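**Q** Got a predicted model here, sequence first, then my questions.
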Amino acid sequence: MRKFNLPLTETDILSLRAGDSVSLSGVILTARDCAHKKIINILDSGEKLPFELKDAVIYYAGPCPAKPDKASGSCGPTTSARMEGFAPRLLDMGLGAIIGKGEMNDETREALKRNKSVYFAAIGGAGALYGNAIKKSECIAFPELLSEAVYRLEVEDFPVIVAYDSFGGSIY
């Protein structure tokens, strides 16, 4: 398993190939459908986002509430195809990587190649494992969306697989 500290550098991304097992440590953001709609509305209105997209990693997930001795509850991936209408634009704005579950369309794959970005697959059904990798969780945007808000997660040894690399390689 290859270990990387976030944010990923261009050299890191270009070294990854579809099928590589990776462990991520650092900061990732969560955003699901509702948060993506709000992000796009803010961008369309010309306003500034309440967080930085450049080189960020967005995890398509909504963390469950934490137990008293934990930073987060279960935090498994959601189906990435639901974000296909948003992903290319965010990648074109400098998003560094995506984490989700399942295949994405050709437009998203082309945006990954064009922007030297990567799509990591997280394992569906492993939400407790991912929750345990979260060391700190903070809602940073859209708290009215509850678990679908944007959270800033500090993770340690967060296991993923390179699903689409920046050269067009795919595990699918």
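**A** Thanks, I have it.
**Q** what sits opposite Ala97 in the beta ladder?
**A** Here Ala97 shows beta-bridge partners Val57, Val118, assigned using DSSP bridges.
**Q** Thr79 too?
**A** Beta-bridge pairing for Thr79 (DSSP bridges): Lys101.
**Q** Isn't Glu10 up against Lys116?
**A** Yes - the pair Glu10 / Lys116 is scored as a contact, 5.8 Å apart, by C-beta atoms under 8 Å. For glycine as for every other residue, the C-beta is placed from the backbone atoms N, C-alpha and C.
**Q** what about these two, which has more around it?
**A** Lys116 (15 against 12; other C-beta atoms under 10 Å).
**Q** Hmm, that one is touching Leu16, no?
**A** No - here Lys116 lies out of contact with Leu16, judged by C-beta under 8 Å, at a distance of 10.4 Å.
**Q** any low-confidence regions in the chain?
**A** For the chain, no stretch is flagged by pLDDT under 70.
**Q** tally of neighbours for Gly62?
**A** Quick note: Gly62 (other C-beta under 10 Å) scores 22 neighbours.
**Q** Tell me who's in contact with it.
**A** Each residue near Gly62 by C-beta atoms under 8 Å, 6 or more residues apart in numbering is listed here: Thr30, Arg32, Cys75, Thr78, Leu146, Ser147, Glu148, Ala149.
**Q** Equivalent analysis for Ala128, please.
**A** Contact analysis of Ala128 by C-beta under 8 Å, 6+ apart lists Ser74.
**Q** Pull the contacting residues for Ala66.
**A** Per C-beta under 8 Å, 6+ apart, neighbours of Ala66: Ser72, Gly73, Ser137.
**Q** For those, which ChimeraX command selects only the ones that are buried?
**A** Here is the ChimeraX selection string for the buried members of the contacts of Ala66, based on 16 or more other C-beta atoms under 10 Å:
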select :72,73,137
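**Q** Tell me which entries of the contacts of Ala66 lie within strands.
**A** Mapping these onto strands (DSSP state E) picks out Ser137.
**Q** For the protein, just list every one of the strands.
**A** Secondary structure of the chain (DSSP E): strands at 2-5, 21-30, 57-59, 97-100, 118-121, 134-141, 150-164.
**Q** want to throw those into TSV with distance to Pro50?
**A** Below are those laid out as TSV (distance: least, C-beta to C-beta, whole Å):
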stretch	distance to Pro50
strand 2-5	24
strand 21-30	11
strand 57-59	14
strand 97-100	20
strand 118-121	24
strand 134-141	5
strand 150-164	8
